[in-house]
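Novice: model the following, please.
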Amino acid sequence: MKWEALKITDVSTITGSEVIEHKSGRAIRPFTLVKIDTDKDISGIGEGTLETKEKTVAACIMEFKRYLIGKDPLRIEKLWQAMYKGTYWRGGPVINSAISAIEIALWDIAGKYFNTPIYNLLGGKCRDKIRCYAGVDGRTPEELAENVEAGVKRGYTAFKFAAYGVNDNMLDAIAEAEKRCEAVRERVGYDVDIMLECHGRPSLQIALNLVHRLAKYKPLWIEEPLFPENIDMMADLCRRSKIPIATGERLFTKWGFRELLEKRAAHIIQPDPIHCGGILETKKIAAMAEAYYVQVAPHCPYFHVALATSVQIDACTPNFLIQEGGVLRGTWMVKEPLKVEKGYIIIPEKPGLGIELNMDAIKERPYIPREFSPYITYREDGSVEEL
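Specialist: Have a look, this model is predicted:
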């Protein structure tokens, strides 16, 4: 069979915002998508959503457009290398998110071109369904426990929640984390997995206190108990923790994960495919982790294109553990959303990413910027606190 050559004819971006009304107020969740068209009427989509920098990523994608026009979209590795290495000031979340979004769209084109899901182009399925976890919250330990119980009734078997409140004093946060874990375990028992989010706020001593006092509640992991910027400190915590340590959502490319793995500074890594370099780069990172007996749980708190991307990777990755995004977000964005049954995402069988954008629904959600200020918290003395 002779395959027809393809050429990229256009690259466009779509930005918009989902507005969610909560009891506590109004939440704005912007998004950044990319669409790549070819001369054979095959198009691909990708996502590069980056909090508070959605328009910045979109502008970066358009900078790459000048290079991409006329290129063969199936030469994914070459195009990735050119975008990454051809950028003298390489790295960082903005450039890597732009490259990731483009790369995902190229894989979507490839899957449609060969009429098969992306995972079949990356070795085929390792599993028949994707275990996922639901993110839950609660202003009090009791409310959190109620929300977890409600999730169990919907069929989920794993839940992630903040170990403590964002504005808690870190010493008080340890006691608060114990109360939250205790309330959840008393309500649903130990037949479900729980994961604890820390957002990198603790110091090493606070993190050691947390992992010591929370071990009895048997978390599947504790996430970002420290920022990954100091790998030696992460490695020290890993050696002394009875709880598996998960991190990696703020690292980019295989080079960003190298030292983390070499120094045994994580038990579970969480590369984010829409930030760390895309589908193939996440597969490479997972392969590096496999050699160190480290499991992979892709980070994905974004929209449906991002989740569909992670599912393609999960399906063909041997050391995959569990997927974020069980409570499907942005289902309105696509014509046929992914399905969850009894805590597992059903692997799509359609070509490419297996989804199609619902442009009518997207057009109804124009871009509204999310203010930067909510990301900033302050200590009592007025200095800036880690988020």
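
Novice: show me where the stretch 151-300 of the chain has helices.
Specialist: Here the stretch 151-300 of the chain has its helices, by DSSP state H, counting those that start in this stretch, at 170-188, 204-214, 231-240, 253-262, 279-291.

Novice: and the third one, average pLDDT?
Specialist: Averaging pLDDT along helix 231-240 yields 95.

Novice: which parts of it are buried?
Specialist: Buried positions in helix 231-240, judged by neighbour count with 16 or more other Cβ atoms under 10 Å: 231, 233-238. To be clear about C-beta, it is placed using only N, CA and C from the backbone, and glycine gets the same treatment.

Novice: specify the angle between it and helix 204-214 in degrees.
Specialist: Relative orientation of helix 231-240 versus helix 204-214 (axes from the mean of the first three to the mean of the last three Cα atoms, to 10 degrees): 20 degrees.

Novice: the stretch 201-350 of the chain: strands as residue ranges?
Specialist: Across the stretch 201-350 of the chain, reading from the start of the chain, the strands by DSSP state E, counting those that start in this stretch fall at 221-223, 245-247, 268-269, 295-296, 323-324, 340-341, 344-346.

Novice: and the angle from the helix or strand containing residue 94 to helix 279-291?
Specialist: Under the assignment given by DSSP states H and E, the secondary-structure element containing residue 94 is helix 93-113. Angular relation of helix 93-113 and helix 279-291 on a 0 to 180 degree scale: 100 degrees, by the same axes, to 10 degrees.

Novice: could you name the helices and strands sitting against helix 93-113?
Specialist: strand 25-38, strand 43-47, helix 54-68, helix 76-85, helix 118-121, helix 279-291, helix 304-315 (3 or more Cβ pairs under 8 Å, 6 or more residues apart in numbering; DSSP states H and E).

Novice: pairing partners for the second one, with directions?
Specialist: Partner strands and pairing direction for strand 43-47 (DSSP bridges) are strand 25-38 (antiparallel).

Novice: may I see the buried residues of the partner strand?
Specialist: 29-38.

Novice: of the helices and strands packed on helix 93-113, which stretch is the most buried?
Specialist: Comparing the helices and strands packed on helix 93-113 by mean neighbour count (mean count of other Cβ atoms under 10 Å), helix 304-315 comes out on top with a mean of 28.

Novice: burial check on the nearest residue to residue 190 once chain neighbours are set aside, number of neighbours?
Specialist: Using Cβ to Cβ, 6 or more residues apart in numbering and skipping residues adjacent in sequence, the residue nearest residue 190 is residue 218, 6.2 Å away. By the criterion of other Cβ atoms under 10 Å, residue 218 has 13 neighbours.

Novice: then residue 113?
Specialist: Here the neighbour count serves as a burial measure; for residue 113 (other Cβ under 10 Å) it reads 20.

Novice: what's the distance between it and residue 282?
Specialist: Plainly put, residue 113 is 21 Å away from residue 282 if you go by Cβ to Cβ, to the nearest Å.

Novice: show me the domain layout of the chain.
Specialist: Here the domain parsing of the chain from automatic domain parsing is 8-115, 119-363.

Novice: which of those domains sits closest to residue 369?
Specialist: Minimum separation from residue 369 across the domains of the chain (Cβ to Cβ) falls at domain 8-115, 6.7 Å.

Novice: how long is the closest one from one end to the other?
Specialist: According to Cα to Cα, to the nearest Å, domain 8-115 extends 18 Å from its N-terminal end residue to its C-terminal end residue.

Novice: any idea how far the nearest residue to residue 56 once chain neighbours are set aside lies from residue 45?
Specialist: Counting by Cβ to Cβ, 6+ apart, the nearest residue to residue 56 once its immediate chain neighbours are dropped is residue 94, at 5.4 Å. Look at residue 94 and residue 45: by Cβ to Cβ, they are 20 Å apart.

Novice: swap in residue 327?
Specialist: 22 Å.

Novice: same check on residue 36?
Specialist: Here the criterion is Cβ to Cβ. By it, residue 36 lies 8 Å from residue 45.

Novice: residue 99 too?
Specialist: Summarising the geometry, the distance separating residue 99 from residue 45, computed by Cβ to Cβ, is 15 Å.

Novice: likewise residue 271?
Specialist: Using Cβ to Cβ, which is the criterion applied here, residue 271 is 20 Å from residue 45.

Novice: again, but for residue 54
Specialist: Taking Cβ to Cβ, one finds residue 54 at 16 Å from residue 45.

Novice: out of the buried residues of helix 231-240, which comes closest to residue 62?
Specialist: Residue 62 lies nearest to residue 231 out of the buried residues of helix 231-240, by Cβ to Cβ, at 34.6 Å.

Novice: and residue 24, what pLDDT?
Specialist: The score at residue 24 is 67. That number is its pLDDT.

Novice: then the one 5 residues further on?
Specialist: Per-residue pLDDT puts residue 29 at 92.

Novice: who does it form a beta bridge with?
Specialist: residue 18.

Novice: residues near residue 128, how many?
Specialist: If we define neighbours as other Cβ under 10 Å, then residue 128 has 9 of them.
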